[in-house]
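>>> this one's sequence-less:
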Ligand SMILES: [Zn+2]
């Protein structure tokens, strides 16, 4: 897994889609947002994972 500071949770407001991504692993939150949004037309939100 990645460090806390780089973990972002992407969740969809219109369905149960949710994914935690790592900013340092080449997988940016924006990529997940764009991918799901384009496929479904749903609205997504991203939040930083803090513990
Ligand atoms: Zn969705």
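Nice, I can see it. None of the values given here were measured: they were computed from a predicted structure.
>>> Could you list every helix and strand that whichever strand or helix holds residue 32 packs against?
Assigned by DSSP states H and E, residue 32 belongs to helix 29-40. Helix 29-40 makes packing contacts with strand 7-12, strand 18-22, strand 44-48 when contacts are defined by 3 or more C-beta pairs under 8 Å, 6 or more residues apart in numbering; DSSP states H and E. In short, each C-beta sits where N, CA and C put it, glycine included.
>>> Highest mean neighbour count out of those strands?
Most buried of those by mean neighbour count (mean count of other C-beta atoms under 10 Å) is strand 7-12; its value is a mean of 18.
>>> low-confidence ranges in the protein?
In the predicted model, the chain carries pLDDT under 70 at residues 1-5, 25-27, 51.
>>> Contacts only, for residue 13.
42, 43, 44, 45 (C-beta atoms under 8 Å, 6 or more residues apart in numbering).
>>> Looking at these, spot the one nearest the ion.
residue 42 (3.3 Å; C-beta to the ion).
>>> Could you look up the SS state of that closest one?
coil (DSSP: H, G, I helix; E, B strand; the rest coil).
>>> picking up where we left off before, buried sites along the helix holding residue 32?
Within helix 29-40, the residues that count as buried by 16 or more other C-beta atoms under 10 Å are 29, 32, 33, 36.
>>> residue contacts, the third one?
Neighbour list for residue 33: 10, 44, 46 [criterion: C-beta under 8 Å, 6+ apart].
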